[in-house]
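Asker: Output the structure for:
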Amino acid sequence: MHPMRWLPAAVLMGVTGASVAEDKPLWELGIGIAPLVSPDYRGSDESRGYLLPLPYIVYRGDIIKIDRSGIYGRLFESDRVKLDLSADAGVPVDSSKNSARQGMPDLDAVFELGPVLEICLWRHCNGDRKLQFRWPVRAVFSTDFGSIESRGGSTHPHLNFDMKNVGPGGGWNFGISAGPLYATERYHDYYYEVAPQYEILPARPRYDARAGYSGSRVTLALSKRFQHIWVGAFARYDSLSGATFEDSPQVRSDHVFMAGFSVAWIFAVSEQVVNVKD
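Answerer: Numbering: from 1, shown residues only. The predicted structure follows:
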């Protein structure tokens, strides 16, 4: 998940940064674990704890880049504008364990793929302080690992603010962001539609979702790389107030909170180094 960043203008005015390039390994490999507490889906009032394996893969190629934020394919780049290819994913949900979805089909694992536009809004685009407008537009698919189905598309325009090398002793990276979410009807239907065969009156009436506003999101992320260990944590809050599907019987909470922690041991790095600025 890419860390989302936003700070009030009064704070940003007091922060400066300088562009600093440094040599880093072309690739790094590691393995770790990531405890996570997450709602079954946005709008669910039931959450689960997960202990997920964490592959640590970093690749700093000229075109393809992989880091803790995801996989990016550089499509275009100038001093202030970048167009990347990005991806995201979501865990499956067992409907038998969710009271709102009893008797309904399980929700399969979801993955998203599409371009993301990044615009630098500050004069120091590659420094320790970076403010960006980011606009990912992704096609969404679900899979039971036997077949793949299209689930429409989603977009999340947001402001991002990054601060590098902060905190006690330095070396900590902090990010915060906020912005609205939008999605197609097919995407909303996957989570919030109640088809006639699953209608249970009065608790679960028939419902057909619409395209449009999906709520808003704020995310904070913190990480640090030690010599052979990487640690990270994040917290995310979503508000569904005003979302086009907020009156769905599947929505039992108008706010969502997710948090997680991860630690990885880095066991291999390339001898080849590349000069990077961000």
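Asker: any idea where the helices of the stretch 151-278 of the chain begin and end?
Answerer: 185-192 (DSSP state H, counting those that start in this stretch).
Asker: Give me the residue ranges of it where confidence is low.
Answerer: By pLDDT under 70, the low-scoring segments of the stretch 151-278 of the chain are 277-278.
Asker: mind listing the strands for it?
Answerer: Assigned strands in the stretch 151-278 of the chain, in chain order: 158-166, 172-183, 212-225, 229-239, 255-269, 273-276 (criterion: DSSP state E, counting those that start in this stretch).
Asker: Adjacent strands (with direction) for the fifth one?
Answerer: Pointing back at strand 255-269 there. In the sheet, strand 255-269 lines up against strand 27-39 (antiparallel), strand 229-239 (antiparallel) (DSSP bridges).
Asker: by how many degrees do the first one and strand 212-225 diverge?
Answerer: Between the direction of strand 27-39 and that of strand 212-225, the angle (axes from the mean of the first three to the mean of the last three CA atoms, to 10 degrees) works out to 130 degrees.
Asker: Run a quick neighbour tally on the residue nearest to residue 206 when sequence neighbours are not counted.
Answerer: Ranked by CB to CB, 6 or more residues apart in numbering and with sequence neighbours excluded, the top spatial neighbour of residue 206 is residue 199, at 4.6 Å. All C-beta atoms are positioned from the backbone trio N, CA, C, and that covers glycine. Residues near residue 199, counting by other CB atoms under 10 Å, number 13.
Asker: Now do stretch 88-106: distance from first to last residue.
Answerer: One end of stretch 88-106 sits 20 Å from the other (CA to CA, to the nearest Å).
Asker: to the chain's geometric centre, what's the distance from that stretch?
Answerer: Relative to its parent chain, stretch 88-106 has a centroid offset of 20 Å by CA atoms, centre = their mean, to the nearest Å.
Asker: Of all the residues in that stretch, which ones are buried?
Answerer: Neighbour counts using 16 or more other CB atoms under 10 Å place 88, 90, 93, 95, 98, 100, 101, 104 of stretch 88-106 among the buried residues.
Asker: Same list (the strands of the stretch 151-278 of the chain) but as JSON lines, adding mean neighbour count and distance to residue 22.
Answerer: Formatted as JSON lines, the strands of the stretch 151-278 of the chain follow (neighbours: other CB atoms under 10 Å; distance: least, CB to CB, whole Å):
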{"stretch": "strand 158-166", "mean neighbour count": "19", "distance to residue 22": "11"}
{"stretch": "strand 172-183", "mean neighbour count": "20", "distance to residue 22": "14"}
{"stretch": "strand 212-225", "mean neighbour count": "19", "distance to residue 22": "12"}
{"stretch": "strand 229-239", "mean neighbour count": "17", "distance to residue 22": "17"}
{"stretch": "strand 255-269", "mean neighbour count": "16", "distance to residue 22": "14"}
{"stretch": "strand 273-276", "mean neighbour count": "13", "distance to residue 22": "7"}
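Asker: right, so of the ones you listed, which gets closest to residue 44?
Answerer: Closest of those to residue 44 is strand 255-269, at 7.8 Å (criterion: CB to CB).
Asker: What residues are bridge-paired with residue 31?
Answerer: Taking DSSP bridges as the rule, residue 31 bridges to residue 55, residue 265.
Asker: Make a markdown table from the strands of the stretch 151-278 of the chain and add distance to residue 145 to it.
Answerer: A markdown table is the format used below for the strands of the stretch 151-278 of the chain (distance: least, CB to CB, whole Å):
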| stretch | distance to residue 145 |
| --- | --- |
| strand 158-166 | 31 |
| strand 172-183 | 23 |
| strand 212-225 | 26 |
| strand 229-239 | 26 |
| strand 255-269 | 23 |
| strand 273-276 | 35 |
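Asker: can you tell which of those is closest to residue 126?
Answerer: Here strand 273-276 is closest among the strands of the stretch 151-278 of the chain (CB to CB), at 9.0 Å.
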